[in-house]
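Q: Here is the input, now give the coordinates:
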Amino acid sequence: MTAHEEYVLAIDLGTSGAKIALVSVYGEVIGWDFEPVQLFLLPHGGAEQDPEEWWSSIVTASKRLLAKTLVPREGIVAVCAGTTGLGTIPVDRDGKCLMRAMTWLDSRGAPYVRQHVRGLINVEGYDVFRMLRWLRITGGAPTLSGKDLIGHCLYLKNEAPAIYERAYRLLDVIGYIDFRLTGEYVATADTQALSWVVDNRNLERLAYHDGLIKEFGLDREKLPPIRRCIDVIGTLRPGVADDLGLNRGVKVVAGGFDLPVAAVGSGAVEDFAPHISISTSSFLTVHVPYKKTDISHMIASLPCAIPNRYLLVAEQESAGGNLMFLRDKILYHGDALIDIEKPSDYFEALNEVAQSAPPGSNGVIYTPWLYGERAPVEDSWIRAGFHNLSLQNNRADMVRAVFEGVALNARWMFDPVEKFCGRRLGPINLVGGGANSNLWCQILADVLNRTIRQVENPIQAVARGAALIASVGMGYIGFSDTPQLIKFQASYEPDPANRELYDERFEIFVDLYRRNKSIYERLNRPRPQRA
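A: Presented below is the predicted three-dimensional model:
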């Protein structure tokens, strides 16, 4: 068997479902399959998914893919996953889930976090002295939105104490998938750094910080051991291997959460090389050689998939999710009173519609904050909206405005990221489903005033990244090899004719937030319940 006959079964578990790909150890995507999963949105900020449905979707898509016989099954040498992060799954001693998973969108713990982090002297909602300690040790702090392990745990302890007490381990999404694959309880370094109880000042000795665990009232024994993303954590469980028809000796590499995994899959692994991923949410990331935090803009450099490196992270809460909302809730929602022919490819249809509108969308501006925002402001109350609509506007203006609104929000993140790095960044590698749109690529180039490089098979960035991480972990390649393994479909340069227009639109975009943020809070903050 030659090296080119060795492959990784790569798992990309996103919010919308499980994408399974066969990828060579050199990053070539051979084929893939997809199985959707449900998202349950609950009152007061709840957002859950069923871990059993995650697993069944992974198995179902894997079987369909492997049935295509695209590669010899004996050539599959590893399994590695990239998953959504910031989830919390309480499991018992047998690994059985005690409830549905609280996802990265779940903000029900926000009130308890806000109570916990306040003190006598507060800045941006945090006690100054405690904040300085968190930043020094972890590089960050619990999000006031409650959308992380601390928020989830405080919610469980206060609202579901029986579940919290019964929990043997509190797993993140990647930890749960790794357990189903191997039977081992682990947490990857990239995900557990976001628990804000890990001392990451020395990347060679990442460890839980007992003082912070005690401060947050967590139980140390409920937290799984930390492993590097490139570590081989075991082999496939015999039952899983037999079910899929794979060799029982197939290795499982730890993997990580989708953000740093996609960064590897984008090829932007060198210091200060940026990449943007546009999927349900959006991320702007840059690998950097130092630990640093900008709390005012909610960006920080944290441990990542590459050992002994940090990854600067800025997250946009809803990006491609805005197009899904437009598709499912407004344009093609199946209302019997509205007879609209449904195209076979919704996103291609939306892309085609948007192309008929001019830059600037005939004055329409869209703010893409469907579920609050994380960076460059952490604000759970802000919401999406179309602004400056008139009788002269049409559907094309509104659809293009969504594309432009996501790009304007990316620019809102990009400016503080460049200050964080102390230099002008570019070109930008673009991945995710949104990168399939040539129009969106050009809009991003124009709005950001940067060259956009459209990565080949951009929707496979997480799967490709997981495969490359497994390849590094098993000794086939080094991370320094990955930029040469990534191919680009096209490159997009900023159009100077649109510079003044988008500079003006950006100023208005930011001003819309500043002028309306108090109104959003009044509209969306839960009202106290009357006795």
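Q: low-scoring stretches of this structure, by residue?
A: Counting by pLDDT under 70, the chain contains low-confidence residues at 1-4, 333-344, 528-531.
Q: Centroid-nearest residue for it?
A: Centroid check for the chain by Cα atoms, centre = their mean gives Leu259 as the closest residue, at 4.9 Å.
Q: Wait, a strand at that residue?
A: No - Leu259 sits outside any strand when classified using DSSP: H, G, I helix; E, B strand; the rest coil, being helix.
Q: Do I have it right that it meets Ser277?
A: Yes - under the criterion of Cβ atoms under 8 Å, Leu259 lies in contact with Ser277, with a separation of 7.4 Å. (Glycine included, C-beta is placed from N, CA and C.)
Q: that older thread, quick check: the residue nearest to the centre of the chain vs Ile11, distance?
A: Distance from Leu259 to Ile11, counting by Cβ to Cβ, to the nearest Å: 15 Å.
Q: thinking again about what came up before, any idea how far Ala314 is from the residue nearest to the centre of the chain?
A: According to Cβ to Cβ, Leu259 stands 10 Å off from Ala314.
Q: overlap in contacts of the two?
A: Both Leu259 and Ala314 are contacted by 283, 285, under the criterion Cβ atoms under 8 Å, 6 or more residues apart in numbering.
Q: nearest residue to Val77 other than its sequence neighbours?
A: Spatial nearest neighbour of Val77, excluding adjacent residues (Cβ to Cβ, 6 or more residues apart in numbering): Glu6 at 5.0 Å.
Q: mind listing what the one you found touches?
A: For Glu6, the residues meeting the contact criterion (Cβ under 8 Å, 6+ apart) are 24-25, 75, 77, 476.
Q: what's the spacing between Glu493 and Val264?
A: With distances taken as Cβ to Cβ, Glu493 is found 26 Å from Val264.
Q: Looking at those two, which has the bigger crowd around it?
A: The neighbour comparison of Glu493 against Val264 (other Cβ atoms under 10 Å) goes to Val264, with 31 against 13.
Q: With adjacent residues omitted, what lies nearest to that one?
A: With Cβ to Cβ, 6+ apart as the criterion, Val264 has its nearest non-adjacent residue at 3.9 Å, and that residue is Gly465.
Q: swap in Val447?
A: The spatial neighbour of Val447 that comes closest, neighbours along the chain excluded (Cβ to Cβ, 6+ apart), is Ala407 at 4.0 Å.
Q: Would you confirm that that neighbour belongs to a strand?
A: No - Ala407 is assigned helix when assessed by three-state DSSP, not a strand.
Q: got the buried residues for stretch 300-308?
A: 300-307 (16 or more other Cβ atoms under 10 Å).
Q: Take those residues and write them to TSV, including secondary structure and distance to Leu430.
A: Rendered in TSV, the data for these read as follows (DSSP: H, G, I helix; E, B strand; the rest coil; distance: Cβ to Cβ, whole Å):
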residue	secondary structure	distance to Leu430
Ala300	strand	23
Ser301	strand	21
Leu302	strand	22
Pro303	strand	24
Cys304	coil	19
Ala305	coil	19
Ile306	coil	20
Pro307	coil	26
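Q: export those to CSV and tack on distance to Asp94?
A: Listed next are these as CSV, based on distance: Cβ to Cβ, whole Å:
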residue, distance to Asp94
Ala300, 36
Ser301, 38
Leu302, 32
Pro303, 30
Cys304, 32
Ala305, 30
Ile306, 34
Pro307, 32
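Q: in the stretch 301-450 of the chain, which spans are helices?
A: In the stretch 301-450 of the chain, the helices defined using DSSP state H, counting those that start in this stretch lie at 320-325, 346-355, 395-421, 438-448.
Q: can I get those helices in a markdown table with distance to Leu105?
A: A markdown table is the format used below for those (distance: least, Cβ to Cβ, whole Å):
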| stretch | distance to Leu105 |
| --- | --- |
| helix 320-325 | 10 |
| helix 346-355 | 21 |
| helix 395-421 | 17 |
| helix 438-448 | 23 |
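Q: mind checking which of the ones you listed is nearest Leu194?
A: Closest to Leu194 of the helices of the stretch 301-450 of the chain, according to Cβ to Cβ: helix 395-421, at 17.8 Å.
Q: circling back: to Asp511, which of the helices of the stretch 301-450 of the chain lies closest?
A: For the helices of the stretch 301-450 of the chain, the distance to Asp511 is smallest for helix 395-421, at 11.4 Å, taking Cβ to Cβ.
Q: Just the buried residues of stretch 444-464, please?
A: Of the residues in stretch 444-464, those buried under the neighbour-count criterion (16+ other Cβ under 10 Å) are 444-450, 452-455, 457-464.
Q: And stretch 494-513, by the same measure?
A: Within stretch 494-513, the residues that qualify as buried are 494, 498, 502, 505-506, 509-510, 512-513, counting by 16+ other Cβ under 10 Å.
Q: Among these, which are located in helices?
A: In helices, judged by DSSP state H, the following of the buried residues of stretch 494-513 are found: 502, 505-506, 509-510, 512-513.
Q: just those residues now: which is nearest Arg395?
A: The closest of these to Arg395 turns out to be Arg505 (Cβ to Cβ; 19.7 Å).
Q: Please list all residues in contact with that closest one.
A: Contacts here follow Cβ under 8 Å, 6+ apart; on that basis Arg505 touches 360, 365, 404, 408, 447.
Q: Would you convert those into TSV that also reports distance to Pro161?
A: TSV is the format used below for the contacts of Arg505 (distance: Cβ to Cβ, whole Å):
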residue	distance to Pro161
Gly360	53
Ile365	45
Glu404	46
Leu408	43
Val447	47
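Q: list the contacts for the residue nearest to Trp104 when sequence neighbours are not counted?
A: Beyond its immediate neighbours in the sequence, the residue positioned closest to Trp104 (Cβ to Cβ, 6+ apart) is Leu86, lying 3.8 Å away. With contacts defined as Cβ under 8 Å, 6+ apart, Leu86 is in contact with 103-104, 147-149, 172, 191, 194, 257.
Q: Could you rerun that using 10 Å?
A: Listed by Cβ atoms under 10 Å, 6 or more residues apart in numbering, the contact set of Leu86 reads 102-106, 143, 147-149, 151-152, 172-173, 191, 194-195, 257, 259, 315.
Q: Is Lys19 part of a helix or strand, or is it coil?
A: Each residue gets one of three states, and Lys19 gets strand by three-state DSSP.
Q: Look up the residues forming beta bridges with it.
A: Residues in a beta bridge with Lys19, per DSSP bridges, are Asp12, Phe34.
Q: these two touch, right, it and Gln460?
A: Yes - checked against Cβ atoms under 10 Å, the pair Lys19 and Gln460 is within contact range at 7.8 Å.
Q: Give me the common contacts of these two.
A: Taking Cβ under 10 Å, 6+ apart as the contact rule, Lys19 and Gln460 both touch 10, 12, 32.
Q: follow-up on the earlier one: buried only: go through the contacts of Leu86 for me.
A: Applying 16+ other Cβ under 10 Å to these, the neighbour count classes 102-106, 143, 147-149, 151-152, 172-173, 191, 194-195, 257, 259, 315 as buried.
Q: mind listing which of those residues are in strands?
A: Assignment to strands by DSSP state E places the following of the buried ones among the contacts of Leu86 there: 102, 257, 315.
Q: The first one reaches Gly46, doesn't it?
A: Right, the one you point to is Met102. Yes - counting by Cβ under 10 Å, Met102 sits close enough to Gly46 to count as a contact (7.8 Å).
Q: Report the set of residues contacting both of the two.
A: By Cβ under 10 Å, 6+ apart, the residues touching both Met102 and Gly46 are 108, 155.
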